[in-house]
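Undergrad: predicted coordinates and the sequence they were generated for:
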Amino acid sequence: MKRRPLGSARALAVRILACVALACAAGPEARAGTASGEGAGLPPVADRIAPAPPGTSLRRIQDEGVLRWGVDPAGGAPFAMPDPADPRRLVGFEIELVARLCEHLGVRSEPVPADWLALIDNLKAGRTDLALNGIEASPERARVVDFTIPYYRYGEQLTVRAADRERYRSLGDLRGRRISVLNGSAAVEVLQRAGFGASEIVQYDDSLAPYVELANGRVDGSVAESIIAGYYAASMPQLYTVPGTFAPGEYAGAVRKSEPQLLAALDAALERMKADGELGRIYQRWGVWSAEQEQLGIARGPAVEELALASPSSASGLAWGPVMRELAVATGATVLLTAIAMPLAVVAGLGLALMDRSARGALSWPARLYIQGVRGTPLLVQIFLIYYTLPVLGKAMGLGEALAWPAFVVGILCLAGNYAAYEAEIHRAGLDAVPKGQREAALALGMTPRQSLRLVELPQSFRIILPPILNDLVAMIKDTSLVYVIGVRELTAVALGLGKARLIVPQMLVVAALFYLAVSVVADSLGHRLEARLRRRGTPRTSLGPSHHHGGALAAP
Amino acid sequence: MSQPTRAGVEARSEPLLQVEGLRKRWPDGRLVLDGIDLTVERGDVVVILGPNGSGKSTLLRCLNGLEDYQEGCVRLHGVEVGRGRPARHVPSRGEQAALVALRQRVGMVFQQLHLFPHVDALHNVMLGPLHVLRKPRVEARETALAALRRVGLEEQAGRLPGELSGGQQQRVAIARALAMSPEVLLFDEPTSALDPLLVREVFKVIRALVYEDAITMLLVTHDLDFARDVADRVLVMEGGRVVVAGTVDQVFQSSHPLVQRFLER
């Protein structure tokens, strides 16, 4: 049977769109299928929760039937990570926990991926209603958010290189040495209190990196919560985790201040899950159960088998098929980001260049200010700032959540807005390079200045500036990787997530780099083709038939 | 019955182009045009002679609004189409529109050709009729082809300016101006940038426009033979003023030292 080629193209388009939909803060739907079936037989608590008063977040959640909650998939297993079998789904004990929690509330769970440090910002911005991802309930944080009752009791654990196990038996033995930790985790404060200086506490953005650095010898010890140590350090034979925990603390879910109805509903559901062994069961399945949990009133429940996912597996067990497919879809998101943002940047850049060239100061100085300001600050800072201040600004202006745009949209706006400043300078140079006589000839024909620009100057300028614009296009393809900090699932974010789940970060980064390279090469060759075409011919051939070199009849000398 | 006829006669009796007391300063204060008066009747060919820097080109550029001027006014058929403005005057929307309308009636051919390099000869000529006169595409194309035929370049319509000789390019530029059916054509040293071998073909085209089409034109040139051939009247400019004016014979027999110097060359 002949297959229409369109079919596969359409399928790819659908996948790319699906990926975009995911990236648009909807996040991978928590179809924690493995978990939801297990708790059957337990009546939900939803019927015990009266409909909340109108105007409250709980009422909105009940009305929409969905709870959006913040989680950092890059934080990794066993908390939350992409499912190696189907990387579009998130799995982990917290994914299961919230999925069950939502069942009790009678709503659907929708994890919103974001950088861990941004979970609270997203919560305050209204993009999520709950942040639950190994967030330690500390008094400092309790000033900013309200915490649910704790759902897990952890302790800090020290890991050293196996070769050093006799030398470093406790934190005290490591005085003056460099220790790696997860950025912003409770371990930072524990080390500070133990007298370690800022230069001795080396912070990394994810759970795996501190151990990789320890194995590589850049640091001499690593402190992390017992769950993390038990998962990552235990899988690396060159590391040794010192038995015993210290500096205990508790994880709790965070909600915005003054949401008593939501907080009470979450607490009631958690209480129920603690008491009837449901929570204990999830912990056992994910290998994070410990006797300390009983101090929080969590019943262990009947013993259950640990999931295979509860410990990291090697790359040999990796399903390359779905992984490559996932990377291809993420590449689609990267291409889509560039394909939308770059044309926007070129058009906006032209607008800025024209404002800048305008004889009217009222137009030219704001353009100058914008170009200078944007080119003078880092793109990464702009992305962070805009993503997290837009919603706050919207609220301050009385627009509610109108400005809490999805990460994908903010990502495109930031990339386009940043590159527009550079394209403006290119446009300026290009328009300056068109001889002044061209404009005069156009005006002398009776064209308006606008027609002269559109029909005469811009077409010529465009031919001049095409090479530098194409150069920026290739640069932007790689700069799209920066929007992963606001949770957009583009190539870098997906590659890192997949790599961390299986402890194969370097391999995945090489693969991602090759994908970037492939996209850049394709973009380059398309660009060169366009350039060559413009060089060859100004306009499509006129249909006058073959032309001859000799002059016309009248004027032949 | 007699009223409209009289009005029509009166309108026709007005000169086609009238310049009164035109005075222009450069931004640095130098006087470049110092009171130019000029009347051009329909079908007139006026040749402007003068040394470099005498203001010839600037005068032409003032006539179709590429340059502003501080005093005086320009009339077409007795209707004012331009007047002196203070220096650095930013034209209002209405003044912009008036400028655009003026330029459609007064065509210009430049010394430096200024063909649009990114489109072929046909489109160079077609852009005006299509976008300025807003003719339908088919009609604009016919107009452009007719103009190219007029300068003998219909068969080169599909060529880019870069593929044409200098003389052919200047002929395309003339066709571009012709396609707008202007009432007056201004030629600003149309052969000065050309190889001497290519000058003849351009003059031949302009000559045909004079003798076969009776097109009204103002022509700045240094070529006295050509001036003698086509001019109805000759102006000689120096230092921003017209120092000698008259028919070809009157001017060339003048005893003015500037004219004598010209003739000696």
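TA: Done, it's in.
Undergrad: check residue B:247 and give its pLDDT.
TA: As predicted, residue B:247 sits at a pLDDT of 90.
Undergrad: can you count the residues close to it?
TA: The number of residues packed near residue B:247 is 12, by other C-beta atoms under 10 Å in any protein chain shown. The way it works is simple: take the backbone N, C-alpha and C, and place the C-beta from them, glycine included.
Undergrad: and it, how far from residue B:234?
TA: 7 Å (C-beta to C-beta, to the nearest Å).
Undergrad: same check, this time on residue A:119
TA: Taken as C-beta to C-beta, the span from residue A:119 to residue B:234 is 86 Å.
Undergrad: more neighbours, the two?
TA: Using other C-beta under 10 Å, the more surrounded residue of residue A:119 and residue B:234 is residue A:119, with 28 against 25.
Undergrad: check contacts around that one.
TA: A:70-72, A:128, A:131, A:133, A:135, A:254 (C-beta atoms under 8 Å, 6 or more residues apart in numbering or on different chains).
Undergrad: ok but residue A:398 is inside a strand, no?
TA: No: per DSSP: H, G, I helix; E, B strand; the rest coil, residue A:398 lies outside any strand segment and is coil.
Undergrad: do you know how far it is from residue A:57?
TA: Counting by C-beta to C-beta - residue A:398 and residue A:57 are separated by 18 Å.
Undergrad: where do the helices sit along the stretch 101-250 of chain B?
TA: For the stretch 101-250 of chain B, the helices defined by DSSP state H, counting those that start in this stretch cover B:121-127, B:137-150, B:166-178, B:196-213, B:224-230, B:248-252.
Undergrad: need the winner for burial among those.
TA: helix B:121-127 (a mean of 27; mean count of other C-beta atoms under 10 Å in any protein chain shown).
Undergrad: now do that helix, average pLDDT.
TA: Here the average pLDDT along helix B:121-127 is 95.
Undergrad: from the chain's centre, how far out does that helix sit?
TA: The chain centre lies 19 Å from the centre of helix B:121-127; the measure is C-alpha atoms, centre = their mean, to the nearest Å.
Undergrad: same check, this time on stretch A:448-465
TA: 39 Å.
Undergrad: please apply the same query to stretch A:198-214.
TA: For stretch A:198-214, the distance to the chain centre is 20 Å (C-alpha atoms, centre = their mean).
Undergrad: give the residue spans of the chain that score low on pLDDT.
TA: Went with chain A since none was named. Regions of chain A meeting the criterion pLDDT under 70 cover residues A:1-50, A:75, A:312-319, A:501-503, A:536-557.
Undergrad: not quite, I wanted chain B
TA: B:1-13, B:265.
Undergrad: and the residue of chain B found nearest chain A, its phi and psi?
TA: Across chain B, no residue is closer to chain A than residue B:152, which sits at 2.9 Å (C-beta to the nearest C-beta). Main-chain dihedrals, residue B:152, degrees, to the nearest 10: phi 80, psi 30.
Undergrad: my guess is it meets residue B:205, correct?
TA: Yes: under the criterion of C-beta atoms under 8 Å, residue B:152 makes contact with residue B:205 at 7.1 Å.
Undergrad: quick one: contacts for residue 167?
TA: In the absence of a named chain, chain A is used. A:160, A:173.
Undergrad: um, chain B though
TA: A:555, B:194-195, B:198-199, B:201-202.
Undergrad: now for those: which two are most distant?
TA: A:555 and B:195 (15.0 Å; C-beta to C-beta).
Undergrad: okay, these two: which has more neighbours?
TA: residue A:555 (20 against 10).
Undergrad: roughly how far does the closest residue to residue A:150 other than its chain neighbours sit from chain B?
TA: Distance criterion C-beta to C-beta, 6 or more residues apart in numbering or on different chains; nearest residue to residue A:150, sequence neighbours excluded, is residue A:250 at 3.5 Å. Going from residue A:250 to chain B by C-beta to the nearest C-beta, to the nearest Å gives 70 Å.
Undergrad: helix or strand right after whichever strand or helix holds residue A:250?
TA: Following DSSP states H and E, one finds residue A:250 within strand A:246-251. Scanning forward in sequence from strand A:246-251 by DSSP H and E, the next helix or strand is strand A:254-255.
Undergrad: how far off centre is that next one?
TA: Centroid displacement of strand A:254-255 relative to its chain, using C-alpha atoms, centre = their mean, is 21 Å.
Undergrad: by contact count, what packs against that strand?
TA: helix A:119-125, strand A:130-131, strand A:146-147, helix A:260-275 (3 or more C-beta pairs under 8 Å, 6 or more residues apart in numbering or on different chains; DSSP states H and E).
Undergrad: may I have the longest one exported as CSV, CA atoms only?
TA: In other words, helix A:260-275. Taking only C-alpha atoms (Å, rounded to 0.1, in the frame of the first residue of the first chain), the coordinates of helix A:260-275 have been written out as CSV:
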residue,chain,number,x,y,z
PRO,A,260,-6.8,28.7,54.3
GLN,A,261,-9.4,26.7,52.3
LEU,A,262,-6.9,25.2,49.9
LEU,A,263,-4.4,24.6,52.8
ALA,A,264,-7.1,22.8,54.9
ALA,A,265,-8.2,20.6,52.0
LEU,A,266,-4.6,19.6,51.2
ASP,A,267,-3.9,18.9,54.9
ALA,A,268,-7.1,16.8,55.2
ALA,A,269,-6.2,14.7,52.2
LEU,A,270,-2.5,14.3,53.3
GLU,A,271,-3.7,13.3,56.8
ARG,A,272,-5.9,10.6,55.3
MET,A,273,-3.1,9.3,53.1
LYS,A,274,-0.7,9.2,56.1
ALA,A,275,-3.1,7.3,58.3
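Undergrad: pull out the buried residues from that helix.
TA: Neighbour-count burial for helix A:260-275 flags A:261-263, A:265-266, A:268-270, A:272-274 (criterion: 16 or more other C-beta atoms under 10 Å in any protein chain shown).
Undergrad: what residue is smack in the middle of chain B?
TA: By C-alpha atoms, centre = their mean, chain B has its centre lying nearest to residue B:186, at 0.5 Å.
Undergrad: test my guess that that residue contacts residue B:63.
TA: Yes: contact status for residue B:186 versus residue B:63: in contact at 6.2 Å, counting by C-beta under 8 Å.
Undergrad: list the contacts for residue A:57?
TA: Counting by C-beta under 8 Å, 6+ apart, residue A:57 touches A:129, A:255-256, A:259, A:261-262.
Undergrad: can you tell me the helix or strand for residue A:243?
TA: Per DSSP H and E, there is no helix or strand for residue A:243.
Undergrad: gap between it and residue B:60?
TA: Counting by C-beta to C-beta - residue A:243 and residue B:60 are separated by 97 Å.
Undergrad: pull stretch A:477-491 out as CSV, backbone CA atoms only.
TA: What follows is stretch A:477-491, C-alpha atoms only, in CSV (Å, rounded to 0.1, in the frame of the first residue of the first chain):
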residue,chain,number,x,y,z
ILE,A,477,19.1,28.3,17.5
LYS,A,478,21.6,27.7,20.3
ASP,A,479,20.4,30.6,22.5
THR,A,480,17.0,28.9,22.7
SER,A,481,18.6,26.5,25.2
LEU,A,482,18.4,29.4,27.8
VAL,A,483,14.6,29.2,28.1
TYR,A,484,14.9,25.9,29.8
VAL,A,485,15.4,27.9,33.0
ILE,A,486,11.7,28.8,32.9
GLY,A,487,10.6,25.3,32.2
VAL,A,488,10.3,25.2,28.5
ARG,A,489,11.0,21.6,27.4
GLU,A,490,13.4,22.3,24.6
LEU,A,491,16.3,20.3,23.5
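Undergrad: can you give the distance from it to the centre of its chain?
TA: Put simply, stretch A:477-491 sits 6 Å off its chain's centre (C-alpha atoms, centre = their mean).
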